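Q: 3D, please:
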Amino acid sequence: MHLSELTHPNQLHGLSIAQLEEIARQIREKHLQTVATSGGHLGPGLGVVELTVALYQTLDLDRDKVIWDVGHQAYPHKLITGRYNEFHTLRQKDGIAGYLKRCESKFDHFGAGHASTSISAGLGMAIARDMAGENYKVVSIIGDGAMTGGMALEAINHAGHLPDTNLMVVLNDNDMSISPNVGALSRYLNKMRLSPPMQFLTDNIEEQVKHLPFFGGSLSPELDRVKEGMKRLAVSKVGAVFEELGFTYMGPVDGHNIKELIDIFREGHKQKGPVLVHVATTKGKGYAIAEKDQVGYHAQNPFDLATGKAKPASKPTPPSYSKVFAETLITLAENDPRIVAITAAMATGTGLDKFQAKLPNQYVDVGIAEQHAVTMAAGMACEGARPVVTIYSTFLQRAFDQVIHDVCIQDLPVFFCMDRAGVVGADGPTHQGMYDIAYLRCIPNLTIMAPKDEAEFQRMLVTGVTHPGPIAVRYPRGSGVGAPLLEAGWEPMPIGKGEVLRTGDDLLLVGYGTMVYPAMQAAEILSEHGIEATVVNARFVKPLDTELIVPLAQKIGRVVTIEEGCLMGGFGSAVLEALGDAGVAVPVTRLGVPDILVEHATPSQSMQSLGLTGPQIADRLLTQLGRKPEMAAV
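A: Next up, the predicted model:
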């Protein structure tokens, strides 16, 4: 059978080990070819090929449920659930998503782009199954990195308290998340990877004892207790921890040996109650370059398969905001030992790997634990440190309560740096940084800012590490606009003060962050049609520069706000509220992201779909003002 013929995972049933190994080889080949061509996650999926094939060989996927944590490790799952012919569209507009989506396939039983959710979701399905009197299997697959997340540990604690609820948790242990894992649990798991498998030891003892003539084929209660005692001795230290929490622990097993995996999964399905199967895998398995550089090849832009090198860009690009962030923060921290950079398992993505290499004593990685990161930062701030909590906008959502309760109520000087704010591209709805303006600006004591370019970003970083209270900055994924970086002038910005970049009497355009330059471009196009606009770079959404914006709005009489974030509760809403509070009743047009989920596409395609390019903004305003526009090139 060729992989292209596999349209339903149940077609794996009855195949020989050799045939399954051939399917695994084809999955790896297709996976590599696709990601090399169009980009995407590489190492996670390559590491779970055999795990996926073996597990699905033991399940009836018309009934049984499989929940993948995060979902970027589920490319093999997609390839054997009817998406082979569309797989070349991976992460492209209107193509296959990079994560699981319930609306994409009946086999995507639970969607997720954030880590540590699979055990909770699986337990919920298992409980609902039992309530309905049904009898299908539920399997949650989670990586060792995601296992450090608070939700995963909470779910383990709950599941272990339900001895009659059948649930299998497969721990995909590759000693990595995106970067090397941190923490005590990771250290113990590392020891276990070197331990021999112990799951069948007590069963073998039982079989031996049953054949003794004086036992009559059954164990007495006393010997049954002896058996359980020996089982406790058999499992390694972390295995014993899971056993004490109420799970039957099985493993570790070689995650690239299909026969051994099938055997252990079949045995696990026979167990009553919650079961944890510990599978030791290699991230990037089958592609030597990815195995050697597991951090760098977690995800890749298009690259050459033979060399592993990225395909060169068609033209030079300015440095990314993440790079500017890291280099600027290093400079600031070298001169202020109180500054501590904190990440939640995203050192590489945020640029903090460079900070760690330069200033390891001022760097903390807490693992996939955003809530802990924020409250830990609050504790540091209590004792005079200047913590810089660097978390993607989409992931900071997970620590919303801690931002309020532990930082802002106590008015502590914690600096939140939100990378990937706004449109993020191919990662899709779970990763779009659309909501941080709305979910943060309602919190008392918090100052919130966004730069129009790299140089302004540098000044905002200076502002953040010197501000006496809670403060946040949002900045986008990808390259800057090419503004010259600061060589001098590293002083804080005045809090809550915007700037006028262009003057005109017909229209007031108020841009926030990344939308300032499109606002300027739109103003230039409007000028060609006889409409002169004033353009304001707001810089701050909280406090908003009402001393600047309100008089201009009253004078000009027509306002347009432009933001790369959700319109509901966002920057435009803040301007409307300020004008309402001041009694200024003028027409206000808010441009941004409507009440929709922004699907995966390139950032430029998403901005085009949202109508947020400079020419599109100008075109819309010309129409609104009753001026028939000429065809504007996009």
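
Q: I'd like the distance between Tyr287 and Asp254.
A: 18 Å (Cβ to Cβ, to the nearest Å). Backbone N, C-alpha and C define where each C-beta goes, glycine included.

Q: Arg477 now?
A: Counting by Cβ to Cβ, the gap from Arg477 to Asp254 is 37 Å.

Q: neighbour-wise, which of the two wins?
A: Arg477 (21 against 17; other Cβ atoms under 10 Å).

Q: quick one: low-confidence ranges for the stretch 101-250 of the chain?
A: 176-238 (pLDDT under 70).

Q: let's see that with 80 instead.
A: 175-239 (pLDDT under 80).

Q: for the chain, longest helix please?
A: Ranked by number of residues, the top helix in the chain under DSSP state H is helix 17-38.

Q: distance check, the residue nearest in space to the middle of the chain against Gly478.
A: By Cα atoms, centre = their mean, the chain has its centre lying nearest to His114, at 4.7 Å. The gap separating His114 from Gly478 is 21 Å, by Cβ to Cβ.

Q: same question, Val465
A: Val465 is 24 Å from Gly478, where distance means Cβ to Cβ.

Q: out of these two, which sits in the more crowded spot?
A: Using other Cβ under 10 Å, the more surrounded residue of Val465 and Gly478 is Val465, with 20 against 17.

Q: so that one makes contact with Asn335?
A: No - counting by Cβ atoms under 8 Å, Val465 does not reach Asn335; the two are 10.1 Å apart.

Q: just checking, the residue nearest to the centre of the chain touches Arg398?
A: Yes - with contact defined as Cβ under 8 Å, His114 counts as touching Arg398 (6.7 Å).

Q: which neighbours do the two have in common?
A: With contacts defined as Cβ atoms under 8 Å, 6 or more residues apart in numbering, no residue is adjacent to both His114 and Arg398.

Q: please name the bridge partners of Leu507.
A: Counting by DSSP bridges, Leu507 forms beta bridges with Ala533.

Q: next, count neighbours for it.
A: 22.

Q: thought it was touching Val535?
A: No - here Leu507 does not reach Val535: they are 9.2 Å apart, not a contact under Cβ under 8 Å.

Q: overlap in contacts, the two.
A: Shared contacts of Leu507 and Val535, counting by Cβ under 8 Å, 6+ apart, come down to Ala523.

Q: how about the contacts made by Gly557?
A: So Gly557 contacts 586-587 (Cβ under 8 Å, 6+ apart).

Q: circling back to that earlier point, by contact count, what packs against the longest helix of the chain?
A: Applying 3 or more Cβ pairs under 8 Å, 6 or more residues apart in numbering; DSSP states H and E, we find helix 17-38 packed against helix 43-46, helix 49-57, helix 75-79, helix 258-270.

Q: off-centre distance for the helix or strand following it?
A: Next helix or strand after helix 17-38 toward the C-terminus (DSSP states H and E): strand 40-41. Averaging C-alpha positions (Cα atoms, centre = their mean, to the nearest Å) puts strand 40-41 13 Å from its chain's average.

Q: and the contacts of strand 40-41?
A: For strand 40-41, the surrounding residues in contact (Cβ under 8 Å, 6+ apart) are 34-35, 72-73, 75, 90-91, 98, 298-300, 426.

Q: what about these, which are in helices?
A: 34-35, 75.

Q: pLDDT and neighbour count for those - can I get that in JSON lines?
A: What follows is these, written out as JSON lines (pLDDT from 0 to 100; neighbours: other Cβ atoms under 10 Å):
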{"residue": "Thr34", "pLDDT": "89", "neighbour count": "21"}
{"residue": "Val35", "pLDDT": "87", "neighbour count": "27"}
{"residue": "Tyr75", "pLDDT": "91", "neighbour count": "27"}
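
Q: make CSV from those and add distance to Asp60 to it.
A: Shown next, in CSV, are these (distance: Cβ to Cβ, whole Å):
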residue, distance to Asp60
Thr34, 28
Val35, 30
Tyr75, 22
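
Q: which of those residues lies closest to Gln356?
A: Val35 (26.9 Å; Cβ to Cβ).

Q: report the contact partners of the closest one.
A: 41-42, 90, 300.

Q: max pairwise distance over the residues you listed: which two?
A: Leu90 and Gln300 (12.2 Å).

Q: these two: which is more packed in?
A: Neighbour count, other Cβ under 10 Å: between Leu90 and Gln300, Leu90 has more, with 23 against 18.

Q: which strands or helices does the host helix or strand of Phe355 pack on?
A: In this structure, Phe355 is located in helix 352-358 according to DSSP H and E. Using 3+ Cβ pairs under 8 Å, 6+ apart as the contact definition, the elements that helix 352-358 packs against are helix 321-334, strand 339-343, strand 363-365.

Q: tell me where the model's unsure across the stretch 301-450 of the chain.
A: 305, 312-315.

Q: would you list every one of the helices in it?
A: All helices of the stretch 301-450 of the chain, identified by DSSP state H, counting those that start in this stretch, fall at 321-334, 347-350, 352-358, 370-382, 393-396, 400-402, 436-440.

Q: and the ones you listed as a markdown table, adding distance to Phe457 and mean neighbour count?
A: Shown next, in a markdown table, are the helices of the stretch 301-450 of the chain (distance: least, Cβ to Cβ, whole Å; neighbours: other Cβ atoms under 10 Å):
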| stretch | distance to Phe457 | mean neighbour count |
| --- | --- | --- |
| helix 321-334 | 6 | 21 |
| helix 347-350 | 14 | 21 |
| helix 352-358 | 16 | 19 |
| helix 370-382 | 21 | 22 |
| helix 393-396 | 15 | 26 |
| helix 400-402 | 24 | 16 |
| helix 436-440 | 16 | 24 |
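
Q: which stretch among those comes nearest His278?
A: Nearest to His278, of the helices of the stretch 301-450 of the chain and by Cβ to Cβ, is helix 370-382 at 24.2 Å.

Q: and that closest one, how far from the chain's centre?
A: That offset, for helix 370-382, works out to 20 Å (Cα atoms, centre = their mean).

Q: just give me how far the longest helix of the chain sits from the chain centre.
A: 25 Å.

Q: show me which residues of it are buried.
A: Residues of helix 17-38 classed as buried: 20-21, 23-24, 26-28, 30-32, 34-36, 38 (neighbour count, 16 or more other Cβ atoms under 10 Å).

Q: again with stretch 398-407
A: 398-400, 402-404, 406-407.

Q: between these, which is nearest Leu51?
A: Among the buried residues of stretch 398-407, and counting by Cβ to Cβ, the member closest to Leu51 is Arg398, at 26.6 Å.

Q: mind telling me which of the helices and strands packed on helix 17-38 the model trusts least?
A: Here those differ in mean pLDDT, and the lowest is helix 43-46 at a mean of 84.

Q: restrict that one to CA atoms and write it as PDB.
A: Taking C-alpha atoms only, helix 43-46 is exported to PDB below (Å, rounded to 0.1, in the frame of the first residue of the first chain):
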ATOM      1  CA  GLY A  43      11.100  18.300  14.100                       C
ATOM      2  CA  PRO A  44       7.900  17.600  16.100                       C
ATOM      3  CA  GLY A  45       6.100  15.600  13.400                       C
ATOM      4  CA  LEU A  46       9.200  13.600  12.300                       C
END
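
Q: which other helices and strands contact that helix?
A: helix 17-38, helix 75-79.

Q: which element is the residue nearest to the centre of the chain on?
A: His114 belongs to no helix or strand, assigned by DSSP H and E.

Q: could you measure from it over to Tyr392?
A: 10 Å.

Q: I'd say Lys137 and Asp62 touch.
A: No - counting by Cβ under 8 Å, Lys137 stays clear of Asp62, with 11.7 Å between them.

Q: which of the two has more neighbours?
A: Each of Lys137 and Asp62 has its neighbours counted (other Cβ under 10 Å); Lys137 has more, 20 against 11.

Q: who's in contact with the more buried one?
A: Lys137 sits next to 59-60, 63-65, 166, 168, 269 when contact means Cβ under 8 Å, 6+ apart.

Q: tell me how far it lies from Tyr56.
A: Per Cβ to Cβ, Lys137 is found 11 Å from Tyr56.
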